[in-house]
Structure formats: structure tokens, C-alpha cells
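Trainee: When you get a sec, could you give me coordinates for this:
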Amino acid sequence: MLRSLFSGIGVQARQKHFHWESLSNSAERTLSRKGSTLVSKAKRSHGIREGMLRAAPGAVFLLFTACGGPAGGGAENTPHDVTAIQHTVFILKENHTFDNYFGTYPGADGVTSGPISTGQIVPLSPMPDRYQASLCNGWNCALEAMNGGKMDQFDLIYGGALTAYTQLSEQGIPNYWAYAHQFVLGDQFFASSPGPSLPNDLFTIAAQSGGVISDITDLGPGPPYCGGDTTATVQVMDSSGNITSQFPCFDFQTLADRVQNAGLTWKFYSDGTATVFNLINHIGNDPQLKDHFVPTAQFLTDVQTGQLPNMSWLIPSESENEHPPASICEGENWTVNTLNTLMQGPNWNSTAVFIAWDDFGGFYDHVPPPQLDQFGLGPRVPLLIISPYARQGYISHTVYEHSSILKFVETRYQLQPLTARDSEASNMLESFDFNQDPQPPLILQPRPCT
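Mentor: Below is the predicted model of the structure:
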């Protein structure tokens, strides 16, 4: 969430769990470009669309464990509706598009080539595990790449280079494909906002960004959030499209507020010195809430001991979040180890896990995002839904975004929506079947990384 990268003038200072690219990125374009709201070519419904079932093929990485042990018992007493879910886990990875990860997945809306600004169609080249190219995922780079929904100027944000036109195959992410074969893959899940991590991070907790369209630019010695260094700034757009620089401290309601006020439990697991909640004044500056913010490793302890809260945000470390140039293999292995532990713990049969990537990362995707409001949507990003009640081998073609995961939690606990975004979002229930026999754990093997 509050990632490990924030930038000053020409300098990028890495610190665990800040990861917001600066507007001063050399590839970023100036904010004077008005127009900048995407007009979608074909606006998709934000509600339910029919999905596609497909059989789950065998995979050499699979090892099923039977129901009946600590991870599988008690199904006969489980409600046949969404109340079967007692624990929602939102895992947020970083900076990849759907075509970049699943463009070759059978039955999904993916491609292996794409248009550039000249009209030429170019193939998506094989992507290495550690992608070293300099990428631009800022607000203006996203708008230029999307080109009003034509999705044909991803080359221009790199001066004509084909940096964005690359993708992985099943060989590059075999365990993510194994999860997709067994559970749910969403091929119409969009970033909530064009551009970088911070606006999307805010959507993952609040169904809004507070108008933020950039990452933090930090020029001072102190922490760049509420109660910290007042020289830090973010770019904020108002309802009229005017953009100003503001100190990154806000005070709107979040899902954590809704959950806590309902007498439910929540935690934010991360290894950073701060989180995106530090930008929400009534949470970040409340010492009584400090116990809700715990190291990532605590998640493994909580799932092993049956102490998983009702709502969890789980943020991998910088080396495991798959943000280029980090190893995708190492990030996938972290996911496998995390899910293996969850699936073998006592909370598996009452848990829904949503694995999403925060923003497009500067990579190509071919689907024009729907225009919901002046802040988005942004390009598609991958989504996996993993649960005993996830439909088996299902590809969801329903339009989702980060706010949809909040809508799922609100639906489950009958909580009021936070904004128009989560109010109008799909509740994601079409990706679940609460009448099916609960799916057993899918224990996968981490793989060697080169």
C-alpha cells in the first residue's frame, strides 16, 4: 500500500513500504494536458455479466489435500450463502496488466499483440522474470497510453520504444495459472484509477482517492504523511479538473471504519514503517488503533492459530510484491507459501482471498477501461479469487475494480457504502457458489528462481 518508493527531485529514496512513483518521472507528461479523462470506446456495465466455466486441467505443481482435517471440516454446518465467509483477505501486488500476466490464458479476454501509435500491430515479446526497463505508470502516461480508449499509444510514453509490449506465459507464472484453473480468474478487473500506486491504494481502503492522482513527492527529512513532514506533496484534482499540490493528509471514511463500527475485526499486515492509513488522519494519528497494524509475518501466525480477523489487508514486502524489477518468481513463491499456510489452517473453510495488482505499471493492455467518473477506471490488472466457495475453474467477465472488493465485504456484513464507487460496484457474488461442496485446499510447491 504505502509502498517503498517515494521521490524527490531526480532522486528516488527507497524505504520499506513506500512505493509511489513521482510525477517528476522523466517519462511522465505535464499535467497541463487537460483532456485527460479517458473516454471509453465501449462502456461496460459495472454490474454482473455472464462468466465462463472451464474445466480445471491437471498441473504438475498441484498437490490436493482432502477435506476433513483442520482445513476442511465442518462443511455440513456451513450456511449456503455469503455468510459462510467470516474472513476476507485482500492481497495487493503491484504493477502489471491482465495482458501482461494472463494474455495467453485459454478462454480469457487476452491478446498476444497490440497496436502502437503508427497503426502497426506488434507482438508482445516474452517477458523475463526480472524486467529491468524503466517504466512509466503515472497519471499522464496512463492517459496518453490509453488514448481515449484506443489503447494504442503505449509506445509514446517510452519515446516510441516497445517497452510496454511484453507478457508472461504459463511457464513464467505457473502457480498463478494453477490457481486460475482451480478457482476464479477475473478478466475485467480494472485499476480504480489511471496512473500510479497511491490513488489505487486509497481506493482499496476507501473506494475513493480523495482526488489524489499522483504518488507522493517528498523533499523533506520527515515522514510524508499526517503528523509528519509538511514539505511532502501529492497532486489532487478537484471536481472541476483543477490540479493542485497538497500535503498528503486526508480524513474521509474507510472500510476499516465501517468494519470497526459494526463490531467486527480488521488488521493491516505490512512490513513498512507506514501504511496508506497513515494518510487518513483519524486513523493514522489514533494511538488506540496501532494494534491493527502488524508485520506481514503476523498473518502466518494468525492463520495457523485461527486468529484471522474479519477483514485483512495483506501487503508483501518490496522484494515479493512483483513490482519491476523485483523477481516475479519470488513474488509468486511468497503467494504460494502464504496461501499454503492459510489453506492448512483452521480458517480456510470460511475465507475468501482476493489477489489483485494495484495499477498497470506501464504495461500494455488492450481493453478500454469504462469511464465511471473523472478518476477512472484505469487499465485492467489481474485478479484471482481463492476460496472454498469460489466457482471452480471460472473466468469472470464481470467488470470489477478495487472498490468491488469493498462492496463484497459491505454486502457480507450489511455495511453502508462509502462512496458512489462501491455503491455501484458489483458485489462479486457471481464468482462464488455457496451451494457447491467447498473446494479443498490446493497446496502448491514453490519453484526455484534463477
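Trainee: By mean pLDDT, flag the weakest helix or strand of this structure.
Mentor: Scoring the helices and strands of the chain by mean pLDDT, DSSP states H and E places strand 12-14 at the bottom, with a mean of 31.
Trainee: Show the residue spans covered by the strands in the stretch 351-450 of the chain.
Mentor: For the stretch 351-450 of the chain, the strands defined by DSSP state E, counting those that start in this stretch cover 351-357, 383-386, 394-396, 400-401, 442-444.
Trainee: ok, residues contacting stretch 114-124?
Mentor: Around stretch 114-124, the neighbours that count as contacts under C-beta atoms under 8 Å, 6 or more residues apart in numbering are 99-100, 103, 111-113, 150-156, 160, 162, 165-167, 364, 366. The C-beta positions use only the backbone N, C-alpha and C, and glycine is treated the same way.
Trainee: can we see that at 6 Å?
Mentor: T112, S113, D152, Q153, D155, L156, L162, Y165, T166, Q167, Y364, H366 (C-beta atoms under 6 Å, 6 or more residues apart in numbering).
Trainee: what's across from the second one in the sheet?
Mentor: Meaning S113. S113 forms beta bridges with P123, as assigned by DSSP bridges.
Trainee: Report pLDDT for it.
Mentor: The score at S113 is 98. That number is its pLDDT.
Trainee: Same check on V39?
Mentor: At V39, pLDDT is 31.
Trainee: where does the chain dip in pLDDT?
Mentor: 1-77 (pLDDT under 70).
Trainee: Now with 50, please.
Mentor: 1-75 (pLDDT under 50).
Trainee: Helices along that one, start to end?
Mentor: With helices called from DSSP state H, the chain shows them at 98-102, 139-146, 174-182, 197-206, 255-261, 281-284, 297-304, 328-343, 402-413, 420-424.
Trainee: Please export the C-alpha coordinates of the second one as PDB.
Mentor: Output of helix 139-146 as PDB, limited to C-alpha atoms (Å, rounded to 0.1, in the frame of the first residue of the first chain):
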ATOM      1  CA  TRP A 139      -1.400   9.600 -14.500                       C
ATOM      2  CA  ASN A 140      -0.400  11.300 -17.700                       C
ATOM      3  CA  CYS A 141       1.500   8.300 -19.000                       C
ATOM      4  CA  ALA A 142      -1.600   6.200 -18.500                       C
ATOM      5  CA  LEU A 143      -3.900   8.700 -20.200                       C
ATOM      6  CA  GLU A 144      -1.500   9.000 -23.200                       C
ATOM      7  CA  ALA A 145      -1.200   5.300 -23.500                       C
ATOM      8  CA  MET A 146      -4.900   4.700 -23.400                       C
END
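Trainee: what's the spacing between that helix and its chain's center?
Mentor: Taking C-alpha atoms, centre = their mean, to the nearest Å, the mean C-alpha location of helix 139-146 is offset from the chain mean by 19 Å.
Trainee: Helix 197-206 and that one, what's the angle between them?
Mentor: Interaxial angle of helix 139-146 relative to helix 197-206 (axes from the mean of the first three to the mean of the last three C-alpha atoms, to 10 degrees): 90 degrees.
Trainee: ok, now the third one?
Mentor: Comparing the axes of helix 174-182 and helix 197-206 via the same axes, to 10 degrees yields an angle of 40 degrees.
Trainee: okay, the angle between helix 174-182 and strand 351-357?
Mentor: Using the same axes, to 10 degrees: helix 174-182 against strand 351-357 is 130 degrees.
Trainee: packing partners for helix 174-182?
Mentor: strand 442-444 (3 or more C-beta pairs under 6 Å, 6 or more residues apart in numbering; DSSP states H and E).
Trainee: Repeat the analysis, applying 10 Å as the threshold.
Mentor: On a contact count with 3 or more C-beta pairs under 10 Å, 6 or more residues apart in numbering; DSSP states H and E, helix 174-182 meets strand 62-64, helix 98-102, strand 184-186, helix 328-343, strand 351-357, strand 383-386, strand 394-396, strand 442-444.
Trainee: Reformat those as a markdown table; add distance to N285 and mean neighbour count.
Mentor: As requested, the helices and strands packed on helix 174-182 are arranged in a markdown table below (distance: least, C-beta to C-beta, whole Å; neighbours: other C-beta atoms under 10 Å):
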| stretch | distance to N285 | mean neighbour count |
| --- | --- | --- |
| strand 62-64 | 46 | 13 |
| helix 98-102 | 37 | 30 |
| strand 184-186 | 35 | 27 |
| helix 328-343 | 30 | 21 |
| strand 351-357 | 28 | 24 |
| strand 383-386 | 33 | 26 |
| strand 394-396 | 39 | 24 |
| strand 442-444 | 41 | 21 |
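Trainee: now the closest residue to L384 other than its chain neighbours, which residues is it bridged with?
Mentor: Using C-beta to C-beta, 6 or more residues apart in numbering and skipping the chain neighbours, the partner closest in space to L384 is I355 (4.3 Å). In this entry, I355 is beta-bridged to I91, L384, by DSSP bridges.
Trainee: What's the separation between I355 and Y176?
Mentor: 8 Å (C-beta to C-beta, to the nearest Å).
Trainee: Over to S426?
Mentor: 22 Å.
Trainee: Equivalent analysis for G228, please.
Mentor: Applying C-beta to C-beta, the value for G228 to Y176 is 36 Å.
Trainee: more crowded one of the two?
Mentor: Neighbour comparison, G228 and Y176: the larger count goes to Y176, with 25 against 20 (by other C-beta atoms under 10 Å).
Trainee: Might you report the residue contacts of that one?
Mentor: 93, 101-102, 105, 168, 170, 185, 328, 331-332, 335-336, 355, 382, 384, 444 (C-beta atoms under 10 Å, 6 or more residues apart in numbering).
Trainee: ok, 8 Å please
Mentor: Y101, F102, E332, T335, P382, L384.
Trainee: which residues touch the last one?
Mentor: Looking back up the chat, that one is L384. Contacts of L384 by C-beta under 8 Å, 6+ apart are Y176, Y179, A180, F183, V184, L185, G186, V353, F354, I355, A356.
Trainee: can you check the first one too?
Mentor: Listed by C-beta under 8 Å, 6+ apart, the contact set of Y101 reads Q167, L168, I173, Y176, W357, P382.
Trainee: of those residues, closest to V234?
Mentor: Nearest to V234 among the contacts of Y101 is W357, at 21.2 Å by C-beta to C-beta.
Trainee: my read: the closest one touches N100, true?
Mentor: No - the pair W357 / N100 is not scored as a contact, 9.1 Å apart, by C-beta atoms under 8 Å.
Trainee: can you list residues touching both of the two?
Mentor: Common contact partners of W357 and N100 (C-beta under 8 Å, 6+ apart): none.
Trainee: Now do stretch 417-432: distance to the chain's middle.
Mentor: On C-alpha atoms, centre = their mean, the centre of stretch 417-432 falls 15 Å from that of its chain.
Trainee: Buried residues in that stretch, which are they?
Mentor: 417-419, 421-422, 424-432 (16 or more other C-beta atoms under 10 Å).
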